[in-house]
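Undergrad: Predicted model and sequence follow; I will ask about them next.
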Amino acid sequence: MNWSKWVRQTHRWLSMAFTVAVIVNIVAIAEKKYTASVGLLAVIPLAFQFFTGLYLFVLPYVTKWRSGQRTN
């Protein structure tokens, strides 16, 4: 598996982890057991997802630039 596919797969798994963490946060708030550590549970995958998302966003522009197909 090449680098781009690995990053894309990681981004997908991080989105699933973020979704689960948000659900855990909602349940903790509903049960009035919310703590700062429960809040950070959602922030950690979101931070990693930010960087993989940036990479995936910039990837088409970089490949176009590397191939020499610049637009004026």
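TA: Cool, the structure landed. Residues are numbered from 1 along each chain as shown.
Undergrad: just checking, what packs against the lowest-mean-pLDDT helix or strand in the chain?
TA: Every helix and strand of the chain was ranked by mean pLDDT, DSSP states H and E. The lowest is helix 36-67, at a mean of 90. Using 3 or more Cβ pairs under 8 Å, 6 or more residues apart in numbering; DSSP states H and E as the contact test, the elements touching helix 36-67 are helix 3-30. Every C-beta, even on glycine, is put in place using the N, C-alpha and C of the backbone.
Undergrad: returning to that earlier point: show me what counts as buried in the least confident helix or strand of the chain.
TA: 41-42, 45, 49, 52, 55 (16 or more other Cβ atoms under 10 Å).
Undergrad: what's the closest of those to residue 16?
TA: Distance to residue 16, by Cβ to Cβ, is smallest for residue 45 among the buried residues of helix 36-67, at 8.7 Å.
Undergrad: ok, for residue 14, nearest residue in space, not its chain neighbours?
TA: residue 49 (4.3 Å; Cβ to Cβ, 6 or more residues apart in numbering).
Undergrad: just checking, the one you found touches residue 13?
TA: No - contact status for residue 49 versus residue 13: not in contact, 9.5 Å apart, counting by Cβ atoms under 8 Å.
Undergrad: hmm, back to that, what's the offset of the least confident helix or strand of the chain from the middle of its chain?
TA: Using Cα atoms, centre = their mean, to the nearest Å, the distance from the centre of helix 36-67 to the centre of the chain it belongs to is 5 Å.
Undergrad: residues contacting the one residue sitting closest to the centre of the chain?
TA: Geometric centre of the chain, nearest residue: residue 49, 1.7 Å, by Cα atoms, centre = their mean. Counting by Cβ atoms under 8 Å, 6 or more residues apart in numbering, residue 49 touches 11, 14-15, 18.
Undergrad: Give me the ChimeraX select line for those residues, limited to the buried ones.
TA: The buried residues among these can be selected in ChimeraX (16+ other Cβ under 10 Å) with this line:
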select :11,14,18
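Undergrad: Quickly note the distance from the residue nearest to residue 14 to residue 55.
TA: Noted for residue 49: a distance of 11 Å to residue 55, by Cβ to Cβ, to the nearest Å.
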